[in-house]
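A.B. asks: Quick one, what's the 3D model for this:
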Amino acid sequence: MSRQKAAARQARPLNRQDYKTLTLAALGGALEFYDFIIFVFFAAVLGELFFPADIPEWLRQVQTFGIFAAGYLARPLGGIVMAHFGDLVGRKKMFTLSILLMALPTLAIGLLPTYETLGIAAPLLLLLMRVLQGAAIGGEVPGAWVFVAEHVPYKRIGIACGTLTAGLTVGILLGSVVATLINTSLTQQAIDEGGWRIPFFLGGLFGLVAMYLRRWLRETPIFIEMQKRKALAEELPLKAVLVNHKKAVTVSMLLTWLLSAGIVVVILMAPTWLQKQLGLAPALTLQANSIAIIMLCIGCIVAGLVVDRIGASKTFIIGSVLLAVCSWLFYHLTASHPEHLFVLYGLVGLSVGVVGAVPFVMVRAFPAEVRFTGISFSYNVSYAIFGGLTPIFVTLLMGVSPMAPAWYVLALALIGLALGIWLRKDLSHEDEAVTCPLQQS
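C.D. replies: Numbers count the residues shown, from 1 in each chain. Next comes the predicted model:
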């Protein structure tokens, strides 16, 4: 009878406390993603102000984007360290630390003296702040997925993680909106003289507010139960993950490749492709990009709802086919029918939303005692590799064919389809989530 009650609790609708947890987690994640991404919108200005004026322009761009890339390279180390302590001392503590670790460096970037004032120390300090940002985002995303998944009923993990992923995506949109407002309301001279600092100040302050709000969050019921049962990992969590959960790591890394490819190629690289290959106006492509991001948010939520109802296997089979079709139409029809740009870009943005189901698989793939570490290692290492190499690889392929982005996304959609078929074999650790007596009713 008690088992029936436990199962009923896991199938209940989300309650007020669930929505509060999800809202605070998504808000903090959106602001943290804003802090991480705002750098790229002001990369040109930062390059002029933080490097010598007499160096070649190409070298300035390489150095600036090298500092941006350092944030990606720092993600695995920061994520694994925070996940280690998240599995041993608590999810909430690391969840709060990650947003503090992002807010302070973002605020510091807005306060940094430029090369003219500080010399070579200026770009070195900028690099240090970027590394700290990377470490923070490496802990935030896996930590957020674990946190909400261990709070909500088992049968609602999909919609919770999908909504949270949509919230993270809003951070990219927020960065784009703030950058647009700064560039349209200030002259270039005003931006160079200090206007570029405003978005970093805003990001730092927003992050501190989000950290304060997170103090109202509770530790996850599953972690509390593990503490009571003394079931926390007895050995190094990372060692346990690498030795005992190789299949889960493999699936999680491949899914992260799908996620990173969809975001990087379709959302971040497509506006430049539209401008250079099709000659479309930058303002038009950025408007279309905003529509695609909004549709991506909707797609993540839809994927979360669907995966709760029909499971991961069918969701990735259907979603990957939809991604293949929509991306192919977008890249091949926009050239001949530019008047349909908004519709085509919106559709492909919606189809990329299948990535909203990725965390559903990840949180079920690892047992609770090493869940944070397992997700963090798989996600951050895969994102550092594929998120970093994808732009370079696709750009090189464009020397062979201007439709290289379409072929790349198609290849990843096929990998997503193969994973969907593979996921017919259940990879989840279901018992501990269903039977946990502390899941709230």
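A.B. asks: do you know how far residue 326 is from residue 165?
C.D. replies: Between residue 326 and residue 165 the computed distance is 18 Å (Cβ to Cβ, to the nearest Å). The way it works is simple: take the backbone N, C-alpha and C, and place the C-beta from them, glycine included.
A.B. asks: Now do the helices for the stretch 301-441 of the chain: every range, in order, please.
C.D. replies: Per DSSP state H, counting those that start in this stretch, the stretch 301-441 of the chain carries helices over the ranges 312-333, 341-352, 358-365, 371-382, 388-397, 404-422, 430-435.
A.B. asks: Can you tell me which of the ones you listed is most buried?
C.D. replies: Ranked by mean neighbour count under mean count of other Cβ atoms under 10 Å, those are led by helix 371-382, which reaches a mean of 28.
A.B. asks: Give me the helices and strands touching that helix, please.
C.D. replies: Packing partners of helix 371-382 (3 or more Cβ pairs under 8 Å, 6 or more residues apart in numbering; DSSP states H and E): helix 75-88, helix 121-149, helix 237-244, helix 246-261, helix 358-365.
A.B. asks: right, and the ones you listed - which one's nearest residue 305?
C.D. replies: helix 358-365 (10.9 Å; Cβ to Cβ).
A.B. asks: and the direction of that closest one versus that of helix 121-149, what angle?
C.D. replies: Calculated by axes from the mean of the first three to the mean of the last three Cα atoms, to 10 degrees, helix 358-365 forms an angle of 70 degrees with helix 121-149.
A.B. asks: where are the low-confidence patches of this protein?
C.D. replies: Confidence mapping of the chain against pLDDT under 70 gives the ranges 1-12, 15, 58, 61, 90, 226-235, 425-441.
A.B. asks: thinking again about what came up before, output the helices of the stretch 301-441 of the chain in TSV; the columns should cover distance to residue 118.
C.D. replies: As requested, these are exported to TSV (distance: least, Cβ to Cβ, whole Å):
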stretch	distance to residue 118
helix 312-333	45
helix 341-352	41
helix 358-365	41
helix 371-382	31
helix 388-397	28
helix 404-422	40
helix 430-435	51
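A.B. asks: closest one to residue 86 among those helices?
C.D. replies: Each of those was checked against residue 86 via Cβ to Cβ, and the shortest separation belongs to helix 371-382, namely 4.0 Å.
A.B. asks: Go ahead and confirm residue 219 touches residue 91.
C.D. replies: Yes - between residue 219 and residue 91 there is a contact at 6.4 Å, judged by Cβ atoms under 8 Å.
A.B. asks: Who has more neighbours out of those two?
C.D. replies: Neighbours per residue (other Cβ atoms under 10 Å) separate residue 219 from residue 91, with residue 91 holding more: 27 against 16.
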